[in-house]
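>>> quick one: sequence plus predicted model below, questions after.
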Amino acid sequence: MSHGKLREEKDCLNCGHIVEEHYCPHCGQQNIETRQPFHYLFTHFVEDFTHYDGQFWGTLKNLLFKPGKLTNTYLEGKRQKFVPPVKLYIFISFITFFLFAVFPPFNINFEGEKESQTEKQYKANQVEDARKMLDSIKAEGSFRGKDSVAINKVNAILKDSAQIDDLKNSFDMSKKLDDDFEFNGYTNRKSYDSGKVKNPSFYDFINVPVAHKFFELKEKGVTKGEIVKKLTETSFHNLPKALFIYLPIFAFFLWIFHNKKKWWYFDHGIFTLHYFSFLLLTILLFSFLYKLSNVTPTSISVIIYLLMNVVFFYSIIYFFIAHYKVYHTHGVISFIIGSILFMFNFFAFMFLVIGLGTVSFLMIH
């Protein structure tokens, strides 16, 4: 498949050699016109991955259904058969986050659910009736056994109503950060800074910027929904950077637990790129199934949820299978090392996610 209109001239624009067909035999550049239609920018990008020899589709099939195959093939030196690891990861990462930006995987209500006037009135009447019953019993002066039972029921209704109100207030996204909201017991920046002067802490390098941002947002009168929305958007934009940063960390953990003479850090990097490419694809598939479940009948949604569970557990099992097939360790040893690596990476990635959330919070305007 040609990536553009071929030139009539036979001289290579790159090195000057004669080009008999499409590509220069000396430097490999394609002999096409220097100016192309605007859509060429996009078609060229797609064609590079889906060209005639099916390299991209073969890569995808092996990546998804043959754990470890791409890594083994690449390390054996057979590097023309499949898409190179770095190129594959960048392409899948681009597609995944582009689709997430256009079609958000989860629909979050940042405004909070509004309680109808009828519901408010019904709840108020229920609480008022309970209080009248309690006052009536107390007015009689003497309590019978059934009165004690009634009092307990009324108190339970009033208590449940208060707890429900507190819970709703906690999750009410339309509520502003008013004086009820505190940071470590402080309601404003001035009192917080005064307290920190008297009682400094080792974690002040983290706590102080977060507290200052909290009080800044509080002074602006932003709602919880606005904070959650901005935090979600900022975190999402930073996620590709976080994953890219974590790539060498994941490879480093692999390097620690394997023979340094047999396996180079480079080898672990190839394994990591393939595994992370697989994870991005499964995340994309999982989010697609989730959105599909929201627009299908209940009977079909049950099947989709089952598929989501299959995808989730397969993404966990995949690592152990790929690890076993690439590193060729004994089954039990491979499982033990894989479990330790899984645990290390889980906590390391959670630490990275917390750091990402903190940075994203500080970036809110």
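Good, I have the coordinates.
>>> tally of neighbours for the nearest residue to residue 234 once chain neighbours are set aside?
Using CB to CB, 6 or more residues apart in numbering and skipping residues adjacent in sequence, the residue nearest residue 234 is residue 360, 4.0 Å away. (Each C-beta comes from the backbone N, C-alpha and C, glycine too.) Neighbour count of residue 360, defined by other CB atoms under 10 Å: 20.
>>> so residue 360: helix, strand or coil?
Judged by DSSP: H, G, I helix; E, B strand; the rest coil, the three-state class of residue 360 is helix.
>>> so residue 270 is in which element?
helix 265-293 (DSSP states H and E).
>>> and residue 328, its phi and psi?
Backbone torsions for residue 328, taken as degrees, to the nearest 10, come to phi 50, psi 40.
>>> hang on, residue 320 packs against residue 333?
No: look at residue 320 against residue 333 with CB atoms under 8 Å: they stay out of range, at 11.9 Å.
>>> just the pLDDT at the residue nearest to residue 234, thanks.
Residue 360 is assigned 77 on the pLDDT scale.
>>> gap between it and residue 250?
Distance, residue 360 to residue 250, by CB to CB, to the nearest Å: 22 Å.
>>> still on that earlier bit, same for the helix holding residue 270, what does it pack against?
Here helix 265-293 touches helix 55-65, helix 69-75, helix 85-102, helix 224-256, helix 298-327, going by 3 or more CB pairs under 8 Å, 6 or more residues apart in numbering; DSSP states H and E.
>>> the same query, at a cut-off of 6 Å, please.
Contact here means 3 or more CB pairs under 6 Å, 6 or more residues apart in numbering; DSSP states H and E; on that basis helix 265-293 packs against helix 69-75, helix 85-102, helix 224-256, helix 298-327.
>>> ok now the shortest one, how far from the chain's centre?
Its chain's average C-alpha position is 27 Å from that of helix 69-75, according to CA atoms, centre = their mean, to the nearest Å.
>>> same deal with the last one?
A distance of 17 Å separates the centroid of the chain from that of helix 298-327, by CA atoms, centre = their mean.
>>> what of stretch 195-204?
33 Å.
>>> could you dump the helices and strands packed on helix 265-293 to TSV with mean pLDDT?
Shown next, in TSV, are those (pLDDT from 0 to 100):
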stretch	mean pLDDT
helix 69-75	94
helix 85-102	86
helix 224-256	79
helix 298-327	91
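>>> can you tell me which of these is most buried?
Comparing the helices and strands packed on helix 265-293 by mean neighbour count (mean count of other CB atoms under 10 Å), helix 69-75 ranks first with a mean of 20.
>>> ok, residues contacting that helix?
Contacts to helix 69-75, defined as CB atoms under 6 Å, 6 or more residues apart in numbering, come from residues 62-63, 82, 267, 270-271, 274, 326.
>>> let's see 10 Å
Under the contact criterion CB atoms under 10 Å, 6 or more residues apart in numbering, helix 69-75 has outside partners 58-63, 66, 78-79, 81-85, 88, 263-264, 266-268, 270-275, 277-278, 322-323, 325-328.
>>> tally of neighbours for residue 218?
19.
>>> SS state for it?
Under three-state DSSP, the three-state class of residue 218 is helix.
>>> now the buried members of the contacts of helix 69-75.
59-60, 62-63, 82-83, 85, 88, 263, 267-268, 270-275, 277-278, 322-323, 326-327 (16 or more other CB atoms under 10 Å).
>>> got a list of what residue 26 touches?
12, 14-19 are the contacts of residue 26 under CB under 10 Å, 6+ apart.
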